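[1] mind looking at a prediction? Sequence and model below.
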There are 2 protein chains.
Amino acid sequence: MTNNTKDALDAIFRPKSVVVIGASNKLTSWGFSIFHNILLGGFTEKRNLYAVNPNPQQILGRRTFSRVIDIPDEIDLGIIAVRASMVPRVMEDLAEKGIQGVIIISSGFSEAGKKKEEENLVRIARKGNMRIVGPNGMGIFSAPANLNALMSWVVPVPGPISCISQSGNIGTILLRQGIVTGVGFRYYVSSGNEADLRVEDYLKYFAEDDGTKSIMVYLESVRNGEQFIKVAQNVSKEKPVIVLKGGKTPAGARATQSHTGSLAGERSIYEAAFNQTGLIQAASIDELFELGVNVAFKPLPQGKNVGIISVGGGWAVLASDACQLEGLNVPTLHNDLIKEINEFLPPYWPKNNPIDTVALFDPSAFEKLLKLLLRQTYIDGVLLLGLGGYGFYPKYLAHSPFISEEDVKRVTLFAEMETHLVKAILKAEEFFRKPILVVSILPFLSKATKVLTERGHLPFFNPESAARCFAKLVKYSRYLDKLKRTNQSISHLTQETH
Amino acid sequence: MTNNTKDALDAIFRPKSVVVIGASNKLTSWGFSIFHNILLGGFTEKRNLYAVNPNPQQILGRRTFSRVIDIPDEIDLGIIAVRASMVPRVMEDLAEKGIQGVIIISSGFSEAGKKKEEENLVRIARKGNMRIVGPNGMGIFSAPANLNALMSWVVPVPGPISCISQSGNIGTILLRQGIVTGVGFRYYVSSGNEADLRVEDYLKYFAEDDGTKSIMVYLESVRNGEQFIKVAQNVSKEKPVIVLKGGKTPAGARATQSHTGSLAGERSIYEAAFNQTGLIQAASIDELFELGVNVAFKPLPQGKNVGIISVGGGWAVLASDACQLEGLNVPTLHNDLIKEINEFLPPYWPKNNPIDTVALFDPSAFEKLLKLLLRQTYIDGVLLLGLGGYGFYPKYLAHSPFISEEDVKRVTLFAEMETHLVKAILKAEEFFRKPILVVSILPFLSKATKVLTERGHLPFFNPESAARCFAKLVKYSRYLDKLKRTNQSISHLTQETH
């Protein structure tokens, strides 16, 4: 990354002072929601925020300036939310003020067929030594700067995941998934038309950030395929990058044209290229989120052998199907392990992988099972199906006129035990360095599964998505291993020739 | 269906009196949860419930009998939740009492390798003119009888969907999905080992029930393939039947052996057979539920041309990709329609299908768009992406110290407008007889999307599952059309030969 780009990205993602041009009191305007989000996000506790609006007024209790050049302070980042026709004039002002970073929210450029107008913005930026996010983007979020400069009504949770989205709409959905699950973001950018700064620039910047553990990308098109591949290859060596490609079919590609103003490429070409780069490919928004979170927090599986523990037989069957359909193995258990399990499971347990606990729910048995499985060299990770139920049961019983308060308390105690079990799961995962993917038995978060999300571990809500995630983690793990071996043999060769 | 089977199934699903053998005060026992669920479900408001337990005691405030034959009343249905070894003796008592229907919850029969013991139960039943649900099942639910005879802690919502599950675990998950979404069930049976009554018997019984609008089936194996196919073919002509097959892979099939005690068959054989029967095939529990609910409530699409309306460009792209990947068409819009839409969408709308409303959220514009699309002969149904957001926004604003109460009220008004829009959607669907699948912008139900579920319409939470559901509805619709044409030409031939 050139120093120029790095400095500009610092000005954008870690600004000391920000101005919103087009800040407004009008509830439904973008200038309102961005200014409001920045205030709400806490940026102004330590840093300066200014509003520019030609009509002198107070905006959310703050004085406004009619032009950027009137502000008696240095500014790092300018956010433009005015009509397209007014943007060049504002850019000239920003250049005069010596601002390094510009986010253009305004639309009506290349996505609307106005290529020349967009090129003009880049010309002004080059002249003024400024770099542009957008135009036609929905803004950025930066946890390190407490900066929530988004036009959508969303207050992201801070965390270790960075995200680049060529659609503000998809990006907002990802941020909301984070809010609902309690999993947080480090940096987020809605990159819009990418007239200047491109997905590659953000990738490199996020890759160099120590606080970023994984990077989610929603991609419709790249301007320079070769450069993108090179960057992706370098980044995915260091940090997992998960990509969801929009416009994979002719119908989808047609839709991207009117959206970000650029043609999407052939599906097969993208997929082949992605496979060479170590990019983890997601097939849906949900999968992008699931993979992004899990790869950030979990040890990578060293092989494709999955142990399955399930509270129910049907689930055990479906999980086995899903694993095999995803190319994973569900190895049979060795005799010595079966004997050990015989000690504490009821005699009619199936003596097989998947291990159906035959409706026994004893947290300590689960914990034992888990440790026994992870200890085996022929097991690379575990799918654990059926947690989260006990968080629900006290409510069920409390509604009943037939149940004593004492009984409700007893079941509440089960819920506590389950919470304890979830903590033990996380410890076991860390100790054995093998991933444990938990599938919740309820279609929402219970007290126990919330313990998971609080620590950044995302529970799944069906066996299929857990198996799919496991398979993709295996693929990425193999890519890294192959890379390592290649590098070792290269360094070996180099040593020999020395 | 023989009269005998019909009578027995009436005794099971519409009993006037029920006895639970093994009813218990022990919170964690099956005899407790079933007895408790029956009381909680309201069965006893109009009908009689008895408890049998050898130790004389009160169970949940009701007197117990030591044997069934001691009960001074006629009994239709006996539910057995005692140890396997005691079941034959209890069955003899039930036979002596003249009970027609028996549900055996107890496990420890063919699924545990005890084939002979299971055959013995059937022998006793035949002799006593009784029919058996189970053994090794989790019970039944019957909305018409207010009977919640389930061993899992769940209180199903009554509604128009019937369900047969060869896994109590999967069945419970489906019932819980119903509770969470507010979509209800008519009849549910956890069919267990199917020693006597089989999936075909339940299918026929539910098919003849006017209150059942669709039938969900989780299937691991069938005893008599030919008979199953014949029944499925007959039923799916009258009512949609959705099937999720467990044990599609060798790993999954191995797991079914220890689960329901029977070998699952070849995947390809099942799939080919299902295709001939008009069964709608689901690939996951979520899909089973989504298909079951949607096919029960929505008009079937008459072709594969989908109109897409989206509040965001990225979603429009992904929805188009998903439709094409599922074999659907996203036809381009004719000029006259584009002209009509120009009248009320901003000039920069993409003039294309998918219709990206370019961040405009005006409920009346949505309603107009929807009606215009549905009126076109080249559009067979609509995917509507992006509802449900406004239910969330008042909360977001109410948390802000910068927002006046009046502004919060204004946004609450938007939420009301969205609720109104959803009602208009349901009306339009009924008027045009074309399905409208709604995708929620939030990963949970908002006020507006709750209006959908209250009327049995399930919102989707991602474009992929909506597209998949649409494609499967198209397939079923074509199957029915083909059947109709074949029957017409047959009746035509018959008339000519007369």
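    Right, received. Where do you want to start?
[2] break down the stretch 101-250 of chain A into its strands, ranges please.
    Using DSSP state E, counting those that start in this stretch, the strands of the stretch 101-250 of chain A run over A:101-104, A:131-133, A:139-142, A:147-150, A:158-165, A:185-190, A:214-219, A:241-245.
[3] for chain B, find the nearest of these.
    Ranking those by proximity to chain B (CB to the nearest CB) places strand A:214-219 first, at 6.4 Å. Using the backbone N, CA and C atoms, a C-beta is placed for each residue, glycine as well.
[4] what is that closest one packed up against?
    For strand A:214-219, the elements it packs on are strand A:158-165, helix A:168-181, helix A:199-207, strand A:241-245, helix A:285-297, judged by 3 or more CB pairs under 8 Å, 6 or more residues apart in numbering or on different chains; DSSP states H and E.
[5] the last one vs chain B: in contact?
    I take that to be helix A:285-297. Yes. Helix A:285-297 comes into contact with chain B (CB under 8 Å from any CB of the partner chain), by way of A:285, A:286.
[6] please pull up the helix or strand immediately following that helix.
    For helix A:285-297, the succeeding helix or strand toward the C-terminus, using DSSP states H and E, is strand A:306-310.
[7] angle of that next one against helix B:168-181?
    Relative orientation of strand A:306-310 versus helix B:168-181 (axes from the mean of the first three to the mean of the last three CA atoms, to 10 degrees): 70 degrees.
[8] returning to what we had before: would you turn the helices and strands packed on strand A:214-219 into CSV with distance to residue A:141?
    What follows is the helices and strands packed on strand A:214-219, written out as CSV (distance: least, CB to CB, whole Å):
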stretch, distance to residue A:141
strand A:158-165, 9
helix A:168-181, 7
helix A:199-207, 12
strand A:241-245, 18
helix A:285-297, 15
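[9] format these as a markdown table; extra columns: mean neighbour count, distance to residue A:54 and mean pLDDT.
    Supplementary listing: these in a markdown table, determined by neighbours: other CB atoms under 10 Å in any protein chain shown; distance: least, CB to CB, whole Å; pLDDT from 0 to 100:
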| stretch | mean neighbour count | distance to residue A:54 | mean pLDDT |
| --- | --- | --- | --- |
| strand A:158-165 | 25 | 31 | 97 |
| helix A:168-181 | 23 | 26 | 92 |
| helix A:199-207 | 23 | 32 | 97 |
| strand A:241-245 | 26 | 40 | 96 |
| helix A:285-297 | 25 | 39 | 94 |
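[10] for residue B:341, find the nearest of these.
    Closest of the helices and strands packed on strand A:214-219 to residue B:341 is helix A:168-181, at 19.8 Å (criterion: CB to CB).
[11] TSV for the strands of the stretch 101-250 of chain A, including distance to residue A:439?
    Converted to TSV, the strands of the stretch 101-250 of chain A look like this (distance: least, CB to CB, whole Å):
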stretch	distance to residue A:439
strand A:101-104	40
strand A:131-133	38
strand A:139-142	30
strand A:147-150	32
strand A:158-165	21
strand A:185-190	24
strand A:214-219	21
strand A:241-245	20
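[12] of all these, which one is nearest residue B:138?
    Closest to residue B:138 of the strands of the stretch 101-250 of chain A, according to CB to CB: strand A:241-245, at 38.6 Å.
[13] can you check which of the helices and strands packed on strand A:214-219 gets nearest to residue A:355?
    Relative to residue A:355, the nearest member of the helices and strands packed on strand A:214-219 by CB to CB is helix A:285-297, separated by 22.1 Å.
[14] give me the contact list for that closest one.
    Taking CB atoms under 8 Å, 6 or more residues apart in numbering or on different chains as the criterion, the residues outside helix A:285-297 that touch it are A:160-161, A:163, A:170, A:173-174, A:177-178, A:181, A:183, A:213-216, A:218, A:240, A:242-244, A:280, A:282, A:435, A:437, A:455-458, A:460, A:465, A:468-469, A:472-473, A:476, B:318, B:461-462.
[15] just the C-alpha atoms of it, please, in PDB.
    C-alpha atoms of helix A:285-297 as PDB (Å, rounded to 0.1, in the frame of the first residue of the first chain):
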ATOM      1  CA  ILE A 285     -25.600 -13.600   3.200                       C
ATOM      2  CA  ASP A 286     -26.200 -16.000   6.100                       C
ATOM      3  CA  GLU A 287     -23.300 -18.100   5.100                       C
ATOM      4  CA  LEU A 288     -21.000 -15.000   4.700                       C
ATOM      5  CA  PHE A 289     -21.800 -14.000   8.200                       C
ATOM      6  CA  GLU A 290     -21.600 -17.500   9.700                       C
ATOM      7  CA  LEU A 291     -18.200 -18.200   8.000                       C
ATOM      8  CA  GLY A 292     -16.800 -14.800   8.900                       C
ATOM      9  CA  VAL A 293     -17.600 -15.100  12.600                       C
ATOM     10  CA  ASN A 294     -16.600 -18.800  12.900                       C
ATOM     11  CA  VAL A 295     -13.300 -18.400  11.100                       C
ATOM     12  CA  ALA A 296     -12.400 -15.400  13.300                       C
ATOM     13  CA  PHE A 297     -12.900 -17.300  16.500                       C
END
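[16] how about residue A:29, what does it touch?
    Residues counted as contacts of residue A:29 (CB under 8 Å, 6+ apart) are A:22, A:81.
[17] now stretch A:347-357: mean pLDDT?
    When pLDDT is averaged over stretch A:347-357, the result is 87.
[18] and if you look at stretch A:74-89?
    When pLDDT is averaged along stretch A:74-89, the result is 97.
[19] the helix or strand bottoming out on mean pLDDT in chain A: how far from the chain's middle?
    Ranked by mean pLDDT, DSSP states H and E, the helix or strand of chain A with the weakest confidence is helix A:393-398, at a mean of 75. Mean C-alpha position of helix A:393-398 versus that of the full chain (CA atoms, centre = their mean, to the nearest Å) differs by 34 Å.
[20] list of residues touching that helix?
    Helix A:393-398 is contacted by residues A:403, A:407, A:408, A:411, A:412, A:414, A:415, B:153, B:154, B:155 when judged by CB under 8 Å, 6+ apart.
[21] got it, and stretch A:356-370?
    With CB under 8 Å, 6+ apart as the contact definition, stretch A:356-370 has outside contacts at A:309-313, A:316, A:341, A:344-346, A:348-350, A:355, A:382, A:384, A:386, A:389-390, A:414, A:417-418, A:420-421, A:424-425, A:428, A:436, B:107, B:255, B:258-259.
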